[in-house]
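J.: dropping the sequence and predicted coords here.
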Amino acid sequence: MQIPRPGARVAAALLALAAGGAFGQGFPTKPIRIVTSEPGSGTDLVARLTAQGLTDSLGRPVIVENRGGMLSGDVVLRAAPDGHTLLLAGTSLWLAPFMRENVSYDPLRDFLPITLAGSSPNVLVIHPSLPVKSVRDLIALARSRPGELNYGSGSTGAPTHLAAELFKAMAGVDIVRVPYKGTGPAINALIAGQVQVMFVSATTAVPLVVSGRLNALAVATARPSALAPGLPTLTASGLPGYEATSLFAVFAPVRTPAAIIQQLNQEIVRVLGKAEVKERLLKSGVEAVGSSPEELGATIKSDMTRCGRLIKAAGIRHE
């Protein structure tokens, strides 16, 4: 076996680095598509703003392809790992395997994280007839009347559903879920007093609270949110460590070259940092983030550990 001389090894390493850099610099070579969920969703908005910004900076068309449901992950799973097909997905991407049978992908094995694009906080709201003024009041009331209070939610496993189950687990209360066919019908039921409690997005909650149709108790973020001004966090309201936000993240197929992942990360983070993009997202209930691939990977693993434990303990399965 011939052992390369040190000089040869150094030369080979430099050539490899040069090749990787050249590969990244030559990207993209064709239009890029961002596969995401249904039109009008939070992920769709983030995808479209990201696509517009990337089109301007990369000089190639970046289009949004709406697939919805589990199809987005399936499409990107089968795509070529060359950076020209990206996935912009929400929390359900990495939590679906805990709630569904026969999920075609492994969120950690089959996708490479690029950046956490945004987050949307949930707000704990109640019907005005409920005699409580704070989270502590609600917990005390629920403990004194186990099984008597109801909370509304849309689809099984949605962030607002998991937020309520996390609240129940951490507060040690028995509040009964009343499922509806969507978030809209669930909110209407809350406004009508058919259920008493619900977690909803800040964008939905704020106008209903301002109009007096609902009362807000706290926001489900680690720190106070600009999307829910004046509201305390649940952590500061008696549930230390509570956090339940909807996340929006960008991924590429596994085996996408590291140089391309890095280039996409830099470009997308730059787009998310633009003042006009931040403002547009805030108006729609999303806070722009922008993270490193490593930070997104750590966030997903932490969320899977925490929520996976909750999903299993509560026996949550998708209908």
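T.: Great, that's in hand.

J.: now the residue positioned nearest the centre of the chain: how far from Gly184?
T.: Against the mean C-alpha coordinate of the chain, by CA atoms, centre = their mean, the closest residue is Leu247 at 1.7 Å. Distance, Leu247 to Gly184, by CB to CB, to the nearest Å: 22 Å. Any C-beta I mention is one placed from the backbone N, CA and C, and that applies to glycine too.

J.: what of Pro232?
T.: Distance of Pro232 to Gly184, computed by CB to CB: 27 Å.

J.: comparing those two, which shows the higher neighbour count?
T.: Higher neighbour count among Pro232 and Gly184: Pro232, with 16 against 11, using other CB atoms under 10 Å.

J.: residues contacting that one?
T.: Residues in contact with Pro232 (CB atoms under 8 Å, 6 or more residues apart in numbering) are 135, 218-219, 224.

J.: what do you get for Thr36?
T.: Residues in contact with Thr36 (CB under 8 Å, 6+ apart) are 43-44, 46-47, 64-67, 72, 87-89.

J.: just the ones of the residues you listed in helices?
T.: The helices, defined by DSSP state H, take in 43-44, 46-47, 72 from the contacts of Thr36.

J.: most widely separated two among these?
T.: The two members of those with the most space between them (CB to CB) are Val46 and Ser72, at 13.0 Å.

J.: now Leu162: which helix or strand?
T.: Per DSSP states H and E, Leu162 falls inside helix 159-171.

J.: got the CA positions of that helix in CSV?
T.: The C-alpha coordinates for helix 159-171 follow below in CSV (Å, rounded to 0.1, in the frame of the first residue of the first chain):
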residue,chain,number,x,y,z
PRO,A,159,-49.8,22.9,16.9
THR,A,160,-52.8,24.4,18.6
HIS,A,161,-53.9,20.9,19.7
LEU,A,162,-50.5,20.0,21.0
ALA,A,163,-50.3,23.3,22.8
ALA,A,164,-53.4,22.5,24.8
GLU,A,165,-52.2,19.0,25.6
LEU,A,166,-48.9,20.4,26.8
PHE,A,167,-50.8,22.9,29.0
LYS,A,168,-52.8,20.1,30.5
ALA,A,169,-49.8,18.0,31.2
MET,A,170,-47.7,20.7,32.7
ALA,A,171,-50.5,22.3,34.7
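
J.: for it, list every residue counted as buried.
T.: 159-168, 170-171 (16 or more other CB atoms under 10 Å).

J.: closest one of the residues you listed to Ser201?
T.: Proximity of the buried residues of helix 159-171 to Ser201 (CB to CB) peaks at Thr160, which lies at 7.5 Å.

J.: quick one: the closest one from Gly40, how far?
T.: According to CB to CB, Thr160 stands 17 Å off from Gly40.

J.: after the lowest-mean-pLDDT helix or strand in the chain comes which helix or strand?
T.: Within the chain, confidence by mean pLDDT, DSSP states H and E is lowest for helix 6-25 among all helices and strands, at a mean of 42. Per DSSP H and E, the first helix or strand lying C-terminal to helix 6-25 is strand 32-36.

J.: off-centre distance for that following strand?
T.: A distance of 17 Å separates the centroid of the chain from that of strand 32-36, by CA atoms, centre = their mean, to the nearest Å.

J.: and Pro61, how many neighbours?
T.: Residues near Pro61, counting by other CB under 10 Å: 13.

J.: which ones are touching it?
T.: By CB under 8 Å, 6+ apart, Pro61 lies in contact with 31-32, 55.

J.: any weak-confidence spans in the stretch 201-319 of the chain?
T.: Scanning the stretch 201-319 of the chain for pLDDT under 70 picks out the ranges 319.
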